[in-house]
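**Student:** For reference, the sequence and a predicted model appear below.
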Amino acid sequence: MADKMTGAEMVIQALTDQGVEHIFGYPGGAALPIYDAMFQQDKVQHILVRHEQGATHMAEGYARSTGKPGVVLVTSGPGATNAVTGLADALMDSIPLVCITAQVPTNLIGSDAFQECDTVGITRSCTKYNYLVKRVEDLPRIMHEAFLIATTGRPGPVVIDIPKDVQFALGDYYKPDLDTLRHQSYRPQMDGDLDAITAAVDLMMKAERPIFYTGGGVINAGPEASEHLRELAELTGFPVTSTLMGLGAFPASNPQWMGMLGMHGTYEANWAMHDCDVMINIGARFDDRITGRIDAFSPNSRKIHVDIDPSSINKVVRVDVPIIGDCARVLAEMVRIWRSKTNQPRTEAIAPWWKQIEKWRAVDSLGYKNSETTIKPQYAIERLYEATKKQGKEVFITTEVGQHQMWAAQHFHFDKPNHWMTSGGLGTMGYGLPAAVGVQVAHPDALVIDIAGEASVQMTMQELSTAVQYRLPIKIFILNNERMGMVRQWQDLLHGSRYAHSYSESLPDFVKLAEAYGGKGIRCDNPAELDAAIAEMLDYDGPVLFDVLVEKDENCLPMIPSGKPHNEIILPDTANIGDIIDEKGRALV
Amino acid sequence: MNAHLQPTGSAYFLTKETQETERHTLSVLVDNEPGILARVVGLFSARGYNIESLTVSETEHGRRLSRITVVVIATPKVLVQIKLQLERLVPVHKVHDLTAEGASIERELALIKVAGSGEHRAETLRLADAFRAHIVDATVESFVFEVTGKPDKIDSFISLMQPLGLVEVVRTGLAAISRGPKGM
Ligand SMILES: Cc1ncc(C[n+]2csc(CCOP(=O)(O)OP(=O)(O)O)c2C)c(N)n1
Ligand SMILES: [Mg+2]
């Protein structure tokens, strides 16, 4: 490098060298040098958000739908604190983010300067790693190292806090040799232990009641991982279920697919988890929404667990064959070893198991009573799914958090990875709308829909303005039940139907609101008109806020109440869910 | 109650932890960088692990490495988690469970101030001699002793000083190293 660069220019140079095309951000005093450097180039495009939380969720949607890291730029103090929710969300769901936060000049740090906050202190426990850059000489190394750490191993968010004087300081830019970075302390294990993989395949070859339980790790390991999973499922003939985060890794249209498992998973998936003799967990982490009551979790199975994070192994559930490694590589090895031993699936040996699964399937746990007068939320999603299939476009779905999220997971079906974006671990209301914006930035020609609740969507509503500004034609499909439906359901289940603050009072007129933002608003409350209204939404070339007035008191079922074993699942035909749980249930989470 | 002791994530079926807790000494090799101690301590508080003792100091200046010795009390299952969670931190190079890995040497240093006169003073000196405590400061009415040894030796010295005019104590916390030729 001949000429000296400012720290701010180094930031842009490093982003360019990392192949970053889009960055989501919001300016402020401490970040102005970086904004100035950004203004003078055209390689990195900046998307101006309306709230820094929105920037982080956009970056998450962008990352999850592309497999590339999402990049965020915010100012010091309130800019950084507003970004915290998205960082925590990305940590929980293992999403690669690089978040650059500006900081007050180094000589003012610790003086309670204007817009100062201890960003590295605040974000330490909600990032995979974070840095305070004190010298411009360190900046190029840290920028590149941050991308390495965010994207490798178990992905996660990384914060780089850059004081304003470091942004102004002159120095030499360099591209560090990545092999020497963190060479001793940071080395994710990618290849699984061959003996362990062989032991796993041996177990699988003897299984009579096997099940693949797959998770977000398969998505994070890239499209090859999903390919290998499909191959392995075909080779073995085993049934497949997945967590909320793993939807799409295995095609929902495949007959071996059993639907999602867990708290709102299907009857067949949960019963099969409970009764299986060999469980093959690939990139899932035995989350409490999956296991239910731990001492009753799949009591008679041998468990294989593939995870890139060693601390996930035996954290919650004791497993028989732990395999630490990247899901794609381990799955490829499993395929290779299975092939080397046989070219037959275990069709005959597991035929009785499939027969049993078919019996559970026949229960039709996702069934619901439709209505001619009110739109059932499940029906709305089914019709949306049918309509989008005919569009001939890539379809990406994001969600907010609540009943609508679970109904979307149950009734919208995914055949490809990276097309389903939802806040699983943290359960962040307000995730879906900005995430949709981020997805649409990455895929301008795709159909991107946020399946929303009327309460959640109001948490980050203002990002509709971002969508309008950048002509991002996202569709926001609000299942408006005028309730915080999921809260109301738990109050029915556990608190004697005392609906403490779970009403959505004083709702805005969403149609007018959409128009006020410069988008299109649609409302529908009649099942007979729903298809036409959905078509109108899909045909419109611009952002749409669709207010679907649905049945107000529908419960999201099936449901395994927290702390219950899988075989105590509540089915849709249960008349009164309030009778199911006794007094002890009050303190449930 | 600690989050990791609630495996269902639910308060519904709180089960009592049945496994017995054990006391283990971990040796943690880390990059000596700003905030590393906060990272380690923050991990313990965030995940509800208990720290009994913690010492930290740079041990290899050239490579900017520090060694943290931390004593924890936990069930065997949680001990494994603590080790894995520590290893997950980016600047952590290695974690050794010295207690689990065989023989190790554990030492602590204490400075102990005792004030008194007459027969007490003579008794104080006799005991200090038996414990090989060095006098590092003396006045006509007080001593400061320096004692090194295993923590329980220091404990017993302190309790013997109690009736003889103990004023105050500072302890360094534990430093530990494995026996034999091999390093970390
Ligand atoms: C930021 C945040 N605050 C609170 C909650 C707790 N919570 C979970 S679901 C829910 C209600 C969501 O209501 P709505 O968006 O209308 O969805 P519905 O359940 O009605 O489909 C609430 C308050 C949360 N998940 N996130
Ligand atoms: Mg609602």
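**Tutor:** Alright, I've got the coordinates. Ligands and ions are numbered 1, 2, ... in the order given.
**Student:** Identify the residue spatially nearest to A:Ile290, adjacent ones excluded.
**Tutor:** Once flanking residues are discounted, A:Ile290 sits nearest to A:Gly262: 4.5 Å by CB to CB, 6 or more residues apart in numbering or on different chains. C-betas here are computed from N, CA, C, even on glycine.
**Student:** Now do A:Asp309 against ligand 2, distance only.
**Tutor:** Separation of A:Asp309 from ligand 2 (CB to the ion, to the nearest Å) stands at 34 Å.
**Student:** What's the per-residue pLDDT of that residue here?
**Tutor:** On pLDDT, A:Asp309 comes in at 97.
**Student:** Then A:Asp582?
**Tutor:** 56.
**Student:** And what about the residue nearest to A:Ile290, helix, strand or coil?
**Tutor:** Taken by DSSP: H, G, I helix; E, B strand; the rest coil, the conformation at A:Gly262 corresponds to coil.
**Student:** in terms of contact, does it touch A:Gly246 like I think?
**Tutor:** No. Between A:Gly262 and A:Gly246 there is no contact under CB atoms under 8 Å: 10.7 Å.
**Student:** So for these two, which residue has more residues nearby?
**Tutor:** A:Gly246 (30 against 27; other CB atoms under 10 Å in any protein chain shown).
**Student:** Centre of the chain to the lowest-mean-pLDDT helix or strand in chain A, how far?
**Tutor:** Across the helices and strands of chain A, mean pLDDT, DSSP states H and E gives its lowest value to helix A:288-291, namely a mean of 88. Put simply, helix A:288-291 sits 16 Å off its chain's centre (CA atoms, centre = their mean, to the nearest Å).
**Student:** ditto for stretch B:161-178
**Tutor:** On CA atoms, centre = their mean, the centre of stretch B:161-178 falls 12 Å from the chain's centre.
**Student:** Spell out which residues of the stretch 351-500 of chain A are next to ligand 2.
**Tutor:** A:453-454, A:481, A:485 (CB under 5 Å from the ion).
**Student:** residues in contact with stretch B:114-122?
**Tutor:** Contacts to stretch B:114-122, defined as CB atoms under 8 Å, 6 or more residues apart in numbering or on different chains, come from residues B:124, B:140-145, B:161, B:164-167.
**Student:** Now the buried members of the residues you listed.
**Tutor:** B:124, B:142-145, B:161, B:164-166 (16 or more other CB atoms under 10 Å in any protein chain shown).
**Student:** Report the next helix or strand after the longest strand along chain B in sequence order.
**Tutor:** Among the segments of chain B that qualify as a strand by DSSP state E, the longest is strand B:104-115. As assigned by DSSP states H and E, the chain's next helix or strand after strand B:104-115 is helix B:119-130.
**Student:** Quick check: residues of the stretch 301-450 of chain A near chain B?
**Tutor:** With CB under 8 Å from any CB of the partner chain as the criterion, the stretch 301-450 of chain A meets chain B at residues A:309-311, A:313-317.
**Student:** Among these, which one sits closest to chain B?
**Tutor:** A:Ser311 (3.7 Å; CB to the nearest CB).
**Student:** Show the pLDDT at the residue lying closest to the closest one once chain neighbours are set aside.
**Tutor:** Using CB to CB, 6+ apart and skipping residues adjacent in sequence, the residue nearest A:Ser311 is B:Leu84, 3.7 Å away. In this model, B:Leu84 is scored at 96, pLDDT.
**Student:** Compute the distance between B:Leu84 and A:Ser312, please.
**Tutor:** Distance of B:Leu84 to A:Ser312, computed by CB to CB, to the nearest Å: 9 Å.
**Student:** Check A:Val589 and give its pLDDT.
**Tutor:** Per-residue confidence (pLDDT) for A:Val589: 58.
**Student:** Which residues of the stretch 51-200 of chain A lie near chain B?
**Tutor:** Proximity of the stretch 51-200 of chain A to chain B, by CB under 8 Å from any CB, involves residues A:120-121, A:124-125, A:128-129, A:132, A:134, A:149, A:182, A:184-186.
**Student:** so which pair among those residues is furthest apart in space?
**Tutor:** A:Gly121 and A:Gln184 (25.8 Å; CB to CB).
**Student:** related to what we said a few turns ago, that's a strand at the residue nearest to A:Ser311, yeah?
**Tutor:** No. Assigned with three-state DSSP, B:Leu84 falls outside any strand and is helix.
**Student:** ok now do the residue in the stretch 51-200 of chain A that ligand 1 sits nearest to, which residues does it touch?
**Tutor:** The nearest approach of the stretch 51-200 of chain A to ligand 1 comes at A:Thr85, 7.4 Å away (CB to the nearest ligand atom). By CB under 8 Å, 6+ apart, A:Thr85 lies in contact with A:53, A:56, A:426, A:428, A:430.
**Student:** quick one: secondary structure of the third one?
**Tutor:** Okay, so that is A:Leu426. coil.
**Student:** pretty sure it contacts A:Gly86?
**Tutor:** No. In terms of CB under 8 Å, A:Leu426 does not count as a neighbour of A:Gly86; the distance is 9.3 Å.
**Student:** Looking only at neighbour counts, state which of these two leads.
**Tutor:** Neighbours per residue, other CB under 10 Å: of A:Leu426 and A:Gly86, the larger number sits with A:Gly86, 33 against 18.
**Student:** Help me confirm that the more buried one is found in a helix?
**Tutor:** Yes. If the criterion is three-state DSSP, then A:Gly86 is within a helix.
**Student:** Pick out the residue closest to the middle of the chain.
**Tutor:** I'll assume chain A. For chain A, the residue nearest the mean C-alpha position is A:Thr422 (3.9 Å; CA atoms, centre = their mean).
**Student:** looking at chain B here, not the other one
**Tutor:** Central residue of chain B (CA atoms, centre = their mean): B:Ser53, at 3.1 Å.
**Student:** For that one, give me its contacts.
**Tutor:** B:69-71, B:108, B:151, B:173-174.
**Student:** Cool, thanks, signing off.
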